[in-house]
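**Student:** Pasted the sequence and its predicted model underneath.
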Amino acid sequence: MTAIHRRGASGMMAGREALGAMNRRGEVAGAVAGTAADLSRLPDEHPRSFCTVEPRAAHVRSRRRSPMAMHSYLVTNGVPIRRSVGEHQVIFIEWSDTVELDGMKRVMISSDVSGSGGVIVDNDIIVNGRRIPKGFDSTFADPMKRLGQPVEAAYAPIPAVDITGDMRHDRRVYVQLVDFGYTYGSSRLYVVVLTD
């Protein structure tokens, strides 16, 4: 009888230990699930701005200096060629951010993070109130026949745009992309701060 009680007590202790382990696993699983839930709340769309050394790091907001001594901020991932809504001025992209200017040598609008990528915007770019007219060099195909395609399918780019002289004392940069009719679109654009 005593031996049976001992075995019963041992079984109960083992059951409690197993239950405790399950609870601990449940806590861990809950923590993992909570983390996944938190991550699922991150925006699926591209952020209005970020600083990164690689275009794919879409949710990295670090202002760390890259090995190439630059800071880059995504303005837009690009807008495919679309039919204009009218013949009047329409702002189809607005972006602003406070940028890191320590050690600044030049600030560029570029289609890549190197600061040297050619730019396409149909029609104009406005930076901190200054208008940069005709954000593309020319067209080699009718954009109306390329609707839905990247702007590179119809437009030739202009060189990366130097906006160093447009920097403000508060380090805020405002960028607007403006359309005037027929079609509009944009290549991928970054504000790139080149440093020493």
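**Tutor:** Now that the structure is in, tell me what you want to look at.
**Student:** ok, now which ones touch Val173?
**Tutor:** By Cβ atoms under 8 Å, 6 or more residues apart in numbering, the residues touching Val173 are 73, 96-99, 107, 127-128, 163, 166-167, 191. All C-beta spots, glycine's among them, are computed from the backbone N, C-alpha and C.
**Student:** between those residues, which has the most around it?
**Tutor:** Tyr73 (26 neighbours; other Cβ atoms under 10 Å).
**Student:** which ones are touching the closest residue to Ser96 other than its chain neighbours?
**Tutor:** Residue nearest to Ser96 in three dimensions, not counting chain neighbours: Tyr174, with 4.6 Å by Cβ to Cβ, 6 or more residues apart in numbering. Shown in contact with Tyr174 (Cβ under 8 Å, 6+ apart): 94-96, 126-129.
**Student:** and those residues, which two are the farthest apart?
**Tutor:** Trp95 and Gly129 (14.2 Å; Cβ to Cβ).
**Student:** per-residue pLDDT, the nearest residue to Thr195 once chain neighbours are set aside?
**Tutor:** Excluding the flanking residues, the one nearest Thr195 by Cβ to Cβ, 6+ apart is Gly103, at 3.9 Å. The model reports Gly103 with a pLDDT of 88.
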